[in-house]
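no sequence on hand, only this structure:
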């Protein structure tokens, strides 16, 4: 990775409230360039031109706000959960659905069924796109634009189950009060479904809202080791034999891996050019 030249000293920024914002952004920009290995407070101070004590105070504040995390063993800073969530929110505006569209078309062609793209948005999952296969009986279990708590629906559950355990627990704590709005769903059942999905590495469930329908889903993972989205296929239950379900899952895993690799490569290119 090519080192990024030191940024202009924040002391040149206009006085007033914007100066602190500019200083904070300069630290975040410097950390983006060093994210593969993280960076120490002195390193970030040197790259931004900030006074060491000022940089350290600002970095500590960013840790407290969950934007950054501090590795006490290496003394290095890395991006934290809030930065990750901000990145996910930005990804929705950076045409993640457009990137996934060819994959959705291939899945629909290979399976003949309806395929859905779910994207994480904070504690929710949003249906960002879908593609329709050739099978005459269509299974539209969710409309594009529908927003649900993470864990409700196959693609949503696939993302929740693939999150690091501590993050999933935070999401679950926030979403438990909302589960009562969904038939037959409660915290105990959702936890059991999460455990099963983690053990399998995928989700395969009957659709409560659409009797006689079944859906399977896998998360889309990137180099961060966290899910950014999920792919799912829905069909009438009688069509989803164990053999066919295994075939559909193989197709989903193939396309999810390809999308994850593309997203990781794009992120590395952007870091390299920072």
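Yep, that arrived. Since the structure is predicted, the reported quantities are computational estimates derived from the model, not experimental observations.

residues near residue 57, how many?
Per other CB atoms under 10 Å, the neighbour tally for residue 57 reads 13. Where C-beta positions appear, they are placed from N, C-alpha and C, glycine not excepted.

what pLDDT does it get?
In this model, residue 57 is scored at 93, pLDDT.

on the three-state scheme, it is what?
Secondary structure for residue 57, judged by DSSP: H, G, I helix; E, B strand; the rest coil, is helix.

any buried residues in the host helix or strand of residue 25, and which?
Using DSSP states H and E, residue 25 sits in helix 17-33. Within helix 17-33, the residues that count as buried by 16 or more other CB atoms under 10 Å are 23, 24, 26, 27, 28, 30, 31, 33.

ok, stretch 181-195 next?
Residues of stretch 181-195 classed as buried: 182, 185, 190, 193, 194 (neighbour count, 16+ other CB under 10 Å).

any idea of the mean pLDDT in the helix holding residue 25?
For helix 17-33, mean pLDDT rounds to 83.

hmm, back to that, taking the buried residues of helix 17-33, tell me the two that lie furthest apart.
23 and 33 (16.5 Å; CB to CB).

so where's the stretch 51-200 of the chain shaky on pLDDT?
When residues are selected by pLDDT under 70, those of the stretch 51-200 of the chain lie in 84-85, 87-94.

contacting residues for the nearest residue to residue 164 once chain neighbours are set aside?
Leaving aside its sequence neighbours, residue 164 sits nearest to residue 226 (CB to CB, 6 or more residues apart in numbering; 7.0 Å). Counting by CB atoms under 8 Å, 6 or more residues apart in numbering, residue 226 makes contact with 84, 162, 163, 164, 167.

okay, helices next: where are they in the stretch 151-274 of the chain?
Using DSSP state H, counting those that start in this stretch, the helices of the stretch 151-274 of the chain run over 154-162, 165-175, 187-200, 242-272.

nice, that's everything, thank you.
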